[in-house]
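Peer 1: Here is a sequence together with a model predicted from it:
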Amino acid sequence: MYLGVDYYPEQWQHLGDDMMAQDMARIKQTGGNMIRIGEFAWHLIEPADGQFDFSFFDLVIQTAKAHDLKVMFGTPTATFPAWLAKAHPSILAQNAHGHAHAFGGRRQYCFNSTVYQQYSQRMVAALVAHYADEPAIVAWQIDNELGHEGSDQCYCAQCHQAFQVFLSDKFAGDIQALNQTYGTIFWGQTYNQFDEIPMPTPTITVHNPALRLDWARFRSASLNHFAIAQIDLVQSLRGSHQPVTHNFFGGFFNVACDQNELAAHLDFVSYDNYPVWGGLTEPIAPAQIAMTLDYMRGLKQQNFWIVEALMGAQGHNHIGYLPRPNQAKMWAYQAMARGCDNLLFFRWRGMDRGAEQFCLGVLDVDNQDNRKLAEVRDFMRDIVQHEAALKIPVVADVAVLYDFDNIQSWHVQQQSSAFDFTQELMRLYAPFYAANVMTDVLSVHKDFSTYKIVVVPALQIIDGELAARLQAYVAQGGVLVMGYRAGIKNRDNNLHFGVSAPAFLTQLLGVTVRESEALGVGQSAPVFDVLTGEVSQAQVWRDMVEPCGATVLAHYSDVMYRDKACVTEHAVGLGWAYYVGAGLAAHVLQSLTDVVLTKAGLSSNAQAGGVEQVVRGNAPFTRFLLNHQGQDAVVNGAALAAYGVRVELE
Ligand code: GAL
């Protein structure tokens, strides 16, 4: 198992070479056996056009070897040198208003710039060739957080032209096919040539929704094309002991990048796990941290690495919540419990100068031993004892599905001012988390046929092929939970014509939906639970569900819509299909989830105080108990301190 820290020795170069040796000795003493280096060091390696100098990193690697540390090396293409931007300003990405990003931040390059592609390929080739035979370098990371910080979008002339070519390829050069698909006859938007097609830059009212979904696909294709070319290059030059990874970041549903496509080319997936960042006054909910880990595991359906695990408070400008004593350590355990099997903390030491002074590390700039270092040491010494259990794949009975096209379609048309895809996925994911039932978070394109329960939040794009797979899944005994707004659209981002919603699924779900209502910010609608007689409030959205075979579990209770169902249950073949027609309150969904678990032959493992429990391995089992609360809990009769972790063997 690799454990360690992200380390930027170039930031401490001015203090002399001893600093690096001292740092590495301390990293080793702390329990680390790996450092991750290099991902922002293009200028250091190529200080002038075509002049490569590896002497600094040769020394870093020599020092690492002297301290028995292995190395993950990041290709530095996220931060290009100033000389390159000066010589070729066309590499700079442009915002939607046509302004080029200034040199000075990071990730400001255009994925479609052929100049950038050439320079970055030359840099990567030189770097990997130089170190391919280096036994201490045991992994390559390409670039850094592709698509993050808005870098998935660029509206430069190169992108405009590439978008038109992308569309011409998609429609096989047939502009009338595009016009027909997009419905450009309305508002007189018919195109005669592909070179008339705009990018969706600001205009009066809105752009065509089908064009905007294709723009998102184009952005994804641009990013992935750049990334995959780099992966291919590294794989062609690397040593056979050097797998290739990339570090994905947390806001994945908000980025125009189909990460499943990218991950398919990687040897393993890495994740930068920041449960709190920037100005957040508190961390994201424990369930949401868990969901991000399940998502990362789902990209390749394999265990993954964390190459940036937060330890100190973070922020470029606004500083976020200070992780409480033991809280960041608990997050590291949570990550391991949910499928991370190698972990590096961000970062060895915070900086006294430069852009990230307030992205604090394990050590602070006073360079003294501190609480965080002690936590890292305790974690590293303890977690290695569970290595065997942690290497075993995570087994989940529940799959929560998402689809890239569908998420982008929601970004194009939010429909309810209260709608946020991540939060709506969390609405249906969170009850399983609270029940301590393990979940995989997967693309709909993956095989879900073997799961006991499949949960599908807000899937407005449904095609016949997916509907058939869902149908077969339930018929063979699966339990399906379908969220609201299901199946109103096709893959062109157009509404299904002549088909009742949920398209292709009315028989499976035993319902139709003819009318719906957006519940914007501050709005709600009353829901009557048939079993309990309780009235709760739904938010964000409601479908006026009409049963055609399904049993009504809940209906609306406002006068005009008392006859419309909200939650239904339908027996089909050997399985069950549920429709959840509104953004239900958390406690209502928790009860519904208990019903669904029972139908699937499962049961809740909820612990008092919301303690997270993850069981790994085969007998003997390893049980991780994680207290996410700032107060003590009691689990199985024994106290578990605030932010405490207990690992039980059984
Ligand atoms: C990550 C990024 C790191 C560093 C860190 C600060 O998103 O990969 O380079 O910026 O955030 O919290």
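Peer 2: That came through fine.
Peer 1: Please make it C-alpha for all contacts and neighbour counts, starting now.
Peer 2: Fine.
Peer 1: Do a quick rundown of the strands in the stretch 551-650 of the chain.
Peer 2: Ranges of strands in the stretch 551-650 of the chain, per DSSP state E, counting those that start in this stretch, are 551-556, 565-572, 575-580, 582-583, 612-616, 622-626, 633-635, 638-640, 645-649.
Peer 1: In terms of secondary structure, what does the fifth one contact?
Peer 2: Read that as strand 612-616. helix 327-337, strand 622-626 (3 or more CA pairs under 8 Å, 6 or more residues apart in numbering; DSSP states H and E).
Peer 1: and Leu602, how many neighbours does it have?
Peer 2: The tally of other residues near Leu602 (other CA atoms under 10 Å) stands at 15.
Peer 1: what's the spacing between it and Thr422?
Peer 2: 26 Å (CA to CA, to the nearest Å).
Peer 1: Next: Val71.
Peer 2: 34 Å.
Peer 1: And Lys564, by the same measure?
Peer 2: 27 Å.
Peer 1: Tell me which of these two has more neighbours.
Peer 2: Lys564 (20 against 16).
Peer 1: Tell me if I'm right that the more buried one and Asp558 touch.
Peer 2: No: counting by CA atoms under 8 Å, Lys564 does not reach Asp558; the two are 9.8 Å apart.
Peer 1: Using CSV, lay out the helices and strands packed on strand 612-616 together with mean pLDDT and mean neighbour count.
Peer 2: Listed next are the helices and strands packed on strand 612-616 as CSV, based on pLDDT from 0 to 100; neighbours: other CA atoms under 10 Å:
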stretch, mean pLDDT, mean neighbour count
helix 327-337, 98, 24
strand 622-626, 97, 22
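Peer 1: in the stretch 51-200 of the chain, which spans are strands?
Peer 2: Under DSSP E, counting those that start in this stretch, the stretch 51-200 of the chain gives strands at 70-74, 137-141.
Peer 1: Need those in a markdown table (columns: mean neighbour count).
Peer 2: A markdown table is the format used below for these (neighbours: other CA atoms under 10 Å):
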| stretch | mean neighbour count |
| --- | --- |
| strand 70-74 | 24 |
| strand 137-141 | 24 |
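Peer 1: Reformat these as CSV; add mean pLDDT.
Peer 2: Formatted as CSV, the strands of the stretch 51-200 of the chain follow (pLDDT from 0 to 100):
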stretch, mean pLDDT
strand 70-74, 98
strand 137-141, 98
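Peer 1: Of all these, which one comes closest to Asp18?
Peer 2: strand 70-74 (19.1 Å; CA to CA).
Peer 1: and that closest one, how far out from the chain's middle?
Peer 2: 23 Å (CA atoms, centre = their mean, to the nearest Å).
Peer 1: quick one: strands adjacent to that strand?
Peer 2: strand 34-37 (parallel), strand 137-141 (parallel) (DSSP bridges).
Peer 1: want to throw those strands into CSV with distance to the ligand?
Peer 2: Putting these into CSV (distance: least, CA to the nearest ligand atom, whole Å) gives the following:
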stretch, distance to the ligand
strand 34-37, 11
strand 137-141, 11
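Peer 1: can you put those in TSV and add distance to Pro547?
Peer 2: What follows is the strands paired with strand 70-74, written out as TSV (distance: least, CA to CA, whole Å):
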stretch	distance to Pro547
strand 34-37	56
strand 137-141	52
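Peer 1: coming back round to it: among the strands of the stretch 551-650 of the chain, which is the most enclosed?
Peer 2: Mean neighbour count, computed with mean count of other CA atoms under 10 Å, is highest for strand 582-583 among the strands of the stretch 551-650 of the chain, reaching a mean of 27.
Peer 1: Could you pull up the mean pLDDT of it?
Peer 2: When pLDDT is averaged over strand 582-583, the result is 98.
Peer 1: so what secondary structure elements neighbour that strand?
Peer 2: Against strand 582-583 (3+ CA pairs under 8 Å, 6+ apart) you get strand 535-547.
Peer 1: Check the offset of the strand it packs on from the chain's centre.
Peer 2: Counting by CA atoms, centre = their mean, strand 535-547 comes out at 29 Å from the chain centroid.
Peer 1: buried residues in stretch 73-91?
Peer 2: Of the residues in stretch 73-91, 73-81, 84-85, 89-91 count as buried by neighbour count, 16 or more other CA atoms under 10 Å.
Peer 1: And for stretch 457-466?
Peer 2: Pro457, Ala458, Leu459, Gln460, Ile461, Ile462, Asp463.
Peer 1: same thing with stretch 195-203?
Peer 2: Buried-residue list, stretch 195-203, by 16+ other CA under 10 Å: Ile197, Met199, Pro200.
Peer 1: quick one, which of the strands of the stretch 51-200 of the chain is nearest to His265?
Peer 2: strand 137-141 (12.5 Å).
Peer 1: C-alpha coordinates for the closest one, PDB please?
Peer 2: Taking Å, rounded to 0.1, in the frame of the first residue of the first chain, the C-alpha atoms of strand 137-141 are listed here in PDB:
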ATOM      1  CA  ILE A 137       8.900   6.300 -10.300                       C
ATOM      2  CA  VAL A 138       6.000   3.900  -9.900                       C
ATOM      3  CA  ALA A 139       3.100   5.800 -11.400                       C
ATOM      4  CA  TRP A 140       2.400   8.700 -13.800                       C
ATOM      5  CA  GLN A 141      -0.400  11.200 -13.300                       C
END
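Peer 1: which ones are touching Asp440?
Peer 2: Asp440 sits next to Asp294, Tyr295, Arg297, Gly298, Ala396, Asp397, Val398, Ala399, Val400 when contact means CA atoms under 8 Å, 6 or more residues apart in numbering.
Peer 1: What strand or helix carries the residue in the stretch 401-550 of the chain that the ligand sits nearest to?
Peer 2: Closest to the ligand within the stretch 401-550 of the chain is Thr422: 18.7 Å, counting by CA to the nearest ligand atom. For Thr422, the host element (DSSP states H and E) is helix 421-434.
Peer 1: Can you tell me which helices and strands that helix packs against?
Peer 2: Checked by 3+ CA pairs under 8 Å, 6+ apart, helix 421-434 has helix 286-300, helix 586-599 packed alongside it.
Peer 1: can you tell which of these is closest to Arg349?
Peer 2: Closest among the helices and strands packed on helix 421-434, using CA to CA: helix 286-300, at 24.2 Å.
Peer 1: Quote the end-to-end distance of stretch 499-517.
Peer 2: 19 Å.
Peer 1: Show me which positions of that stretch end up buried.
Peer 2: Under 16+ other CA under 10 Å, the buried positions of stretch 499-517 are 500-513.
Peer 1: how about a markdown table for the residues you listed, with distance to Gly644 and pLDDT added?
Peer 2: Below are the buried residues of stretch 499-517 laid out as a markdown table (distance: CA to CA, whole Å; pLDDT from 0 to 100):
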| residue | distance to Gly644 | pLDDT |
| --- | --- | --- |
| Ser500 | 51 | 93 |
| Ala501 | 47 | 97 |
| Pro502 | 45 | 98 |
| Ala503 | 47 | 97 |
| Phe504 | 48 | 97 |
| Leu505 | 45 | 98 |
| Thr506 | 47 | 98 |
| Gln507 | 48 | 98 |
| Leu508 | 45 | 98 |
| Leu509 | 43 | 98 |
| Gly510 | 46 | 98 |
| Val511 | 46 | 98 |
| Thr512 | 48 | 98 |
| Val513 | 47 | 98 |
